[in-house]
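A.B. asks: Sequence isn't available, so here's the structure alone:
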């Protein structure tokens, strides 16, 4: 299983970016996590591949949207109304083992991680 992220960069506050994650192999859930400087990694958004349930962190609800294109084996994170607080390294991760948890309120147990892509929101 491999993950290849793309789409990070520098954007002004209020702007938008779309992250992409090409995922090969089978998995139960896939999602995006982020780690800001000096902070712990946090879950941003996930999709349960079994039933389509999506998870969003409270801090991104209404601004970020996760989606997938099964034909392209790609998951996207559309990020709108970005603020400097969204500045972080964003990681794509998936769970290929049955114990992964991806519900509307929780997302954890990922076992495969991408290398990350930097998102900087600054004027």
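C.D. replies: Thanks, I have it. Keep in mind the model is a prediction, meaning the values are calculated, not measured.

A.B. asks: Could you measure from residue 72 over to residue 63?
C.D. replies: 24 Å (CB to CB, to the nearest Å). Heads up, the C-betas are built off the backbone N, CA and C, glycines and all.

A.B. asks: For the two, indicate the residue with more neighbours.
C.D. replies: Taking neighbours as other CB atoms under 10 Å, residue 72 and residue 63 compare with residue 63 leading, 15 against 11.

A.B. asks: Could you check how far the residue of the chain most remote from its centre is from residue 16?
C.D. replies: What lies farthest from the middle of the chain is residue 123; by CA atoms, centre = their mean that is 23.5 Å. Applying CB to CB, the value for residue 123 to residue 16 is 15 Å.

A.B. asks: How about residue 2?
C.D. replies: In terms of CB to CB, residue 2 sits 27 Å off from residue 16.

A.B. asks: returning to that earlier point: excluding residues flanking it in the chain, which one is nearest the residue farthest from the centre of the chain?
C.D. replies: Distances taken as CB to CB, 6 or more residues apart in numbering place residue 12 nearest to residue 123, at 5.4 Å, with adjacent residues excluded.

A.B. asks: do the same with residue 33
C.D. replies: Using CB to CB, 6+ apart, the closest residue to residue 33 is residue 91 (4.8 Å).

A.B. asks: what does residue 9 give?
C.D. replies: Closest to residue 9 by CB to CB, 6+ apart is residue 17, at 6.5 Å.
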